[in-house]
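Asks: Sharing a sequence plus its predicted fold:
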Amino acid sequence: MRVTGLGGTQYVTLSEGTGIATDSTVVGGEVEFKSVAGYFSLKSSIAATAGGLFLGQPAELQASVKQTLNSVDISTVTGANRAIDIADGALARINSIRADLGAVQNRFQSTISNLTTTAENLTAARSRIQDADFAAETAALTRAQILQQAGVAMLAQANALPNQVLQLLQR
């Protein structure tokens, strides 16, 4: 089988293998063909069990059919195996989704932890700034009080001399 593009470019070549025994492994999976221009879209999915893509007479290709657990007859071995394969596929998909969600949850937790640490650091920095401002304001208040007390003492000394002269005159 060959898959060739519109311009003649060969993309995929599948050839018949040599020396394939009757006990070879059945390969399953999903094959999807899509046209870039949108002319066709073909998708096929087959589980890797008995009844798979290459099971049967030589050169006989079996088509795949999308099946759900509701559409499988489990009264036969083949049907029960298909039901198990469908359930296994669903569980594998659920596990994949859970892994993706777990990775997202871990990223969220890491971001939350990082933002919490940043908020704590900002609060500590703000506190240090406020403490530094409080110390500066306390020093400025003390300076102003000292200057005020010095001014009052100077006025008291300046007023003391005329009061002493008045006291001398009164005697």
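Replies: Happy to help now that I have it.
Asks: contacts and neighbour counts: CA atoms only from here.
Replies: Noted.
Asks: Number of residues surrounding residue 90?
Replies: A count of neighbours around residue 90, defined by other C-alpha atoms under 10 Å, yields 13.
Asks: per-residue confidence at residue 124?
Replies: Per-residue confidence (pLDDT) for residue 124: 94.
Asks: whoops, I mixed them up, residue 89
Replies: Looking at residue 89, the pLDDT reads 85.
Asks: just checking, it is part of a strand?
Replies: No - Residue 89: not assigned to a strand; according to DSSP: H, G, I helix; E, B strand; the rest coil it is helix.
Asks: Pull the number of nearby residues for it.
Replies: When neighbours are defined as other C-alpha under 10 Å, residue 89 has 13 of them.
Asks: tell me which residues in stretch 105-123 are buried?
Replies: By neighbour count with 16 or more other C-alpha atoms under 10 Å, stretch 105-123 contains no buried residues.
Asks: what comes into contact with that stretch?
Replies: Residues outside stretch 105-123 that contact it (C-alpha atoms under 8 Å, 6 or more residues apart in numbering): none.
Asks: likewise stretch 150-165?
Replies: By C-alpha under 8 Å, 6+ apart, stretch 150-165 touches no other residue.
Asks: got the CA positions of that stretch in PDB?
Replies: What follows is stretch 150-165, C-alpha atoms only, in PDB (Å, rounded to 0.1, in the frame of the first residue of the first chain):
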ATOM      1  CA  ALA A 150      15.700  74.300  74.200                       C
ATOM      2  CA  GLY A 151      13.600  77.200  72.800                       C
ATOM      3  CA  VAL A 152      11.500  77.300  76.000                       C
ATOM      4  CA  ALA A 153      14.700  77.200  78.200                       C
ATOM      5  CA  MET A 154      16.200  80.000  76.200                       C
ATOM      6  CA  LEU A 155      13.100  82.100  76.500                       C
ATOM      7  CA  ALA A 156      13.100  81.400  80.200                       C
ATOM      8  CA  GLN A 157      16.700  82.500  80.500                       C
ATOM      9  CA  ALA A 158      16.000  85.600  78.400                       C
ATOM     10  CA  ASN A 159      13.000  86.500  80.600                       C
ATOM     11  CA  ALA A 160      14.900  85.800  83.800                       C
ATOM     12  CA  LEU A 161      17.200  88.800  83.500                       C
ATOM     13  CA  PRO A 162      14.500  91.500  83.300                       C
ATOM     14  CA  ASN A 163      12.700  89.700  86.200                       C
ATOM     15  CA  GLN A 164      15.900  89.900  88.300                       C
ATOM     16  CA  VAL A 165      16.200  93.600  87.600                       C
END
